[in-house]
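Q: With the input below, show me the fold.
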Amino acid sequence: MTFEDAAAIPSAYLTAYYGLHTLAGLAAGERVLIHAAAGGVGLAAVQLARRAGAEIFATAGSPEKREYLASLGVQHILSSRSLDFAEQIVELTGGRGIDVVLNSLAGEFIAKSIEVLADDGRFVELGRTGIWSREQIAAVKPRATYHDPELIDEIAENPEQMSTLLRELVDLFEIGALVPLPRRDFPLTDAVSAFRYMAQARHIGKIVLTAPAPVGRLDDGQPSVRPDGTYLVTGGLRGLGPLVARRLAERGARCLVLVGRLAPAEDTRALITTLEAQGVRVEVVLADVSQRADVDRLLATIDEMLPPLRGVVHGAGVLDDGVLLQQSWARFRAVMAPKVDGSWLLHTLTAGRELDFFALFSTSVAVLGAAGQGNHAAANAFLDALAHHRRARGQPATSINWGPWTEVGAASDRNLSEHFMAKGYGGIPVEVGLDLFENLLSDSPTQVAVLPIQWSHYLEREEGRLSDPFFTTVVAQREVAPSVPTVAEPSSQPRILRELTEATPTRQRSLLMEYVKGRAAAVLGAEASQFDLRRPLNELGLDSLTAVELRNLLGRGLDLKRPLPATLVFDYPTVEAIADYLAREALALTPTSVATGAADASPVSAPMDGGVASLLDTLEDLSDEDVERLLAERISGG
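A: Numbering: from 1, shown residues only. Model prediction:
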């Protein structure tokens with residue numbers, strides 16, 4: 001069965017099956033009148049009625065349709081162009097009439113159909129125009145049963161029943177008891193003609209709109225990069241863009257247009273020189289793709305001077321990270337402009353061109369989310385939606401949710417790399433990423449995420465999301481066959497607990513503060529070095545949602561049997577206060593490791609009397625903050 005065959009089945013067969021079997025209870029030997037029997041529902045009903053062993057009376061409008069019904073072996077074929085069918089049925093049935101009427105006609109045809117219904121017959125009304133009420137039916141046929149189902153409502157109100165009926169139909173198709181309907185196919189890009197054809201009532205069976213064949217492929221499965229086409233790369237003058245341009249040239253592109261707002265970086269200029277030496281024409285255009293005038297000028301240049309545009313890679317973008325409390329519309333606008341405005345302008349202004357591919361460089365943040373990148377996630381989610389929108393219109397589009405690349409882009413920064421690794425992400429090496437890009441142009445999925453990730457590590461931090469369907473699937477797959485091996489800890493006990501157990505009391509507090517600071521930095525998407533231990537976390541952007549995440553993260557990391565208080569971060573608003581609470585209440589550490597007041601703030605007050613050696617031993621266990629506080633106290637004579 002083809003996809004086109006399958007597309008013509010559900011609505012037609014479910015309507016006929018529900019009407020004839022569930023509602024009317026059609027039985028062997030009974031007579032059934034199927035109006036418009038050459039249509040989709042009509043032909044489905046003919047197959048179902050024949051399988052039930054019923055005697056079929058069918059109407060159809062044109063000689064061609066009636067001839068088709070005759071070829072199927074339908075016993076009684078009548079015209080739906082006149083009311084004569086009623087007299088013919090009375091004659092054919094000897095006045096007994098029809099046991100079940102499946103009606104889809106309107107006006108006087110309804111009255112005539114009720115007229116030929118047996119006194120105790122069942123009338124199933126599928127039409128929506130001028131239909132009779134139950135009272136009208138009862139006035140003419142008081143013993144008859146009347147049904148006027150609205151399938152959409154039935155699906156919404158009784159989804160389990162509809163699901164069961166569909167499974168029963170699947171079983172009938174699998175054993176060959178039912179077969180797909182005849183159909184007329186139209187390409188999705190010519191939907192207007194399809195609707196016009198349907199309005200003329202010329203079709204037999206169903207009309208199916210077909211999606212275009214996968215775009216961006218040649219017969220050998222390679223991306224269709226043509227030497228006689230032009231390929232546009234936005235964000236093409238810095239970072240990943242020039243490398244993508246290089247790969248397109250390696251695969252046969254001989255005309256590239258690289259677009260950016262800033263002049264090419266030095267390494268980009270060197271690459272352009274190399275490509276030109278290889279016979280590739282490279283046009284550098286300084287433009288802002290979020291501005292209509294710039295995009296108009298860009299496309300006009302291609303039309304006037306270069307071969308036809310065949311492919312677009314939209315990689316332009318900017319970052320302006322910050323937690324939501326620190327965000328503003330101006331910061332959102334700056335990030336969304338190249339992604340949202342730029343992609344939409346490229347989409348609309350290239351609509352009439354025959355493109356082989358339209359690649360959108362999105363990010364995994366749009367799929368998984370990331371603290372501090374709400375504007376970035378929203379902007380890239382638009383790219384994903386645009387890809388689906390284009391494919392629904394029969395246009396090429398692939399949105400790639402890239403993870404961090406190791407040698408280019410923002411993640412190549414060491415601090416950011418460590419930040420990603422802390423979440424369980426890996427990096428994408430440049431050549432591996434370019435190979436994947438090339439393969440995706442060939443396979444042409446609508447949307448795909450490319451992200452090396454250690455799910456076990458990632459999900460430790462995202463336990464609250466495990467009820468999401470996507471993560472439920474990931475967890476199920478990971479439990480069956482982990483895709484990324486993990487290094488076993490020497491003990492099942494969390495590392496922080498082992499370190500606390502092995503540390504001196506004075507060192508324990510420092511370890512706890514580092515632990516809390518690291519978890520807070522992970523939740524807020526910031527660097528731990530930026531945290532002042534005594535500054536309230538809400539001033540750094542912590543809100544109610546991230547406060548809950550931090551509480552959960554702290555509790556899981558310490559393997560606590562009882563959950564931490566829901567108000568933990570609000571009752572103890574600083575890193576120092578949280579650490580002291582954890583030591584005192586959650587872990588019951590020795591009092592010397594807990595600061596309970598100004599007089600006890602120095603964890604080295606007791607060991608000082610043990611002499612210089614004792615002091616030096618103690619200093620090795622102190623944090624920098626403790627040392628500074630101790631020195632200040634000593635200098636002031638405290």
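Q: what's the helix or strand for Asn401?
A: Element membership of Asn401, judged by DSSP states H and E, is strand 398-402.
Q: what's next to that strand, contact-wise?
A: 216, 357-364, 366-367, 380, 383-384, 386-387, 428, 433, 437, 440-441, 444-451 (Cβ atoms under 8 Å, 6 or more residues apart in numbering). Every C-beta, even on glycine, is put in place using the N, C-alpha and C of the backbone.
Q: so what strands line up beside it?
A: strand 357-363 (parallel), strand 447-450 (parallel) (DSSP bridges).
Q: For stretch 227-238, which residues meet the burial criterion?
A: For stretch 227-238, the neighbour count (16 or more other Cβ atoms under 10 Å) marks 229-238 as buried.
Q: tell me the mean pLDDT for that stretch?
A: The predicted model assigns stretch 227-238 a mean pLDDT of 94.
Q: Then stretch 294-308?
A: pLDDT averaged over stretch 294-308 gives 95.
Q: buried ones in that stretch?
A: 294-295, 298-299, 302, 306.
Q: Contacts for the host helix or strand of Arg196 next, please.
A: In the assignment (DSSP H and E), Arg196 maps to helix 191-199. Helix 191-199 is contacted from outside by 184, 186, 203, 207, 209, using Cβ under 8 Å, 6+ apart.
Q: Let me know whether the second one touches His203 as I believe.
A: Going back to what we said before, that points to Phe186. No - look at Phe186 against His203 with Cβ atoms under 8 Å: they stay out of range, at 10.3 Å.
Q: which SS class is Ser343?
A: helix (DSSP: H, G, I helix; E, B strand; the rest coil).
Q: residues in contact with it?
A: 314, 360, 382-383, 386.
Q: Buried members of the residues you listed into PyMOL, please.
A: To isolate the buried members of these in PyMOL, using 16+ other Cβ under 10 Å:
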select buried, resi 314+360+382+383+386
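Q: For Leu188, which non-adjacent residue is spatially closest?
A: Spatially, and ignoring its direct neighbours in sequence, Leu188 is nearest to Gly394 (4.0 Å; Cβ to Cβ, 6 or more residues apart in numbering).
Q: actually Gly433, not the one I wrote
A: Trp405 (5.8 Å).
Q: and the one you found, how far is that from Leu436?
A: To Leu436, Trp405 is 11 Å away according to Cβ to Cβ, to the nearest Å.
Q: what do these two both touch?
A: With Cβ under 8 Å, 6+ apart as the test, Trp405 and Leu436 both reach Ile428.
Q: Looking only at neighbour counts, state which of these two leads.
A: Trp405 (21 against 15; other Cβ atoms under 10 Å).
Q: mind showing which ranges of the stretch 301-450 of the chain have poor pLDDT?
A: Scanning the stretch 301-450 of the chain for pLDDT under 70 picks out 409-423.
Q: Which parts of it are helices?
A: All helices of the stretch 301-450 of the chain, identified by DSSP state H, counting those that start in this stretch, fall at 329-336, 342-349, 365-368, 374-392, 414-423, 430-443.
Q: if we compare those, which one ends up closest to Glu64?
A: When the helices of the stretch 301-450 of the chain are compared by Cβ to Cβ, helix 374-392 sits nearest Glu64, at 33.2 Å.
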